[in-house]
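mind folding the following:
(one chain, ligands or ions: 1)
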Amino acid sequence: MSKPKFHYECIDCGELYEESRIKYVCPVCSKSNSSDLPPKGVLKTIYNYVDLGSLDCEIKTKLVRKLIRNFDTFKLVDSVQARDLFNKIIGIYK
Ligand SMILES: [Zn+2]
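Here you go, the predicted model:
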């Protein structure tokens, strides 16, 4: 299974919620919310950055530069297909 691309973090208590459990507020902190006070338990999105070493970064950067140079040689159908193709070539998302 692929690693989720992001998760949520409550700005008040710091509780983490997974991407698949989509929520707008922390269920614990939002219990005390009322309409005359600023909302508590707002969730912020934390992106899970790809864990690459410096050599990996250098290799991937060279790959990306090559892709840019040869961009016109790819037969691209739409943006989703293009994204999937380039992700596969670059190999960052497994
Ligand atoms: Zn919370």
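
so what's the residue count around residue 87?
Residue 87 has 12 neighbouring residues, counting by other Cβ atoms under 10 Å. For every residue, glycine as well, the C-beta is placed using N, CA and C.

ditto for residue 74
12.

which secondary structure state is assigned to residue 52?
Three-state call for residue 52 (DSSP: H, G, I helix; E, B strand; the rest coil): coil.

swap that for residue 7, sorry
Residue 7 is classified as strand under three-state DSSP.

what about it, distance to residue 78?
Distance of residue 7 to residue 78, computed by Cβ to Cβ, to the nearest Å: 28 Å.

please say which of those two ends up with more neighbours.
residue 7 (17 against 7).

pairing partners for that one in the sheet, please.
Residue 7 has these beta-bridge partners by DSSP bridges: residue 18, residue 46.

quick check: which element contains residue 89?
Using DSSP states H and E, residue 89 falls within helix 79-90.
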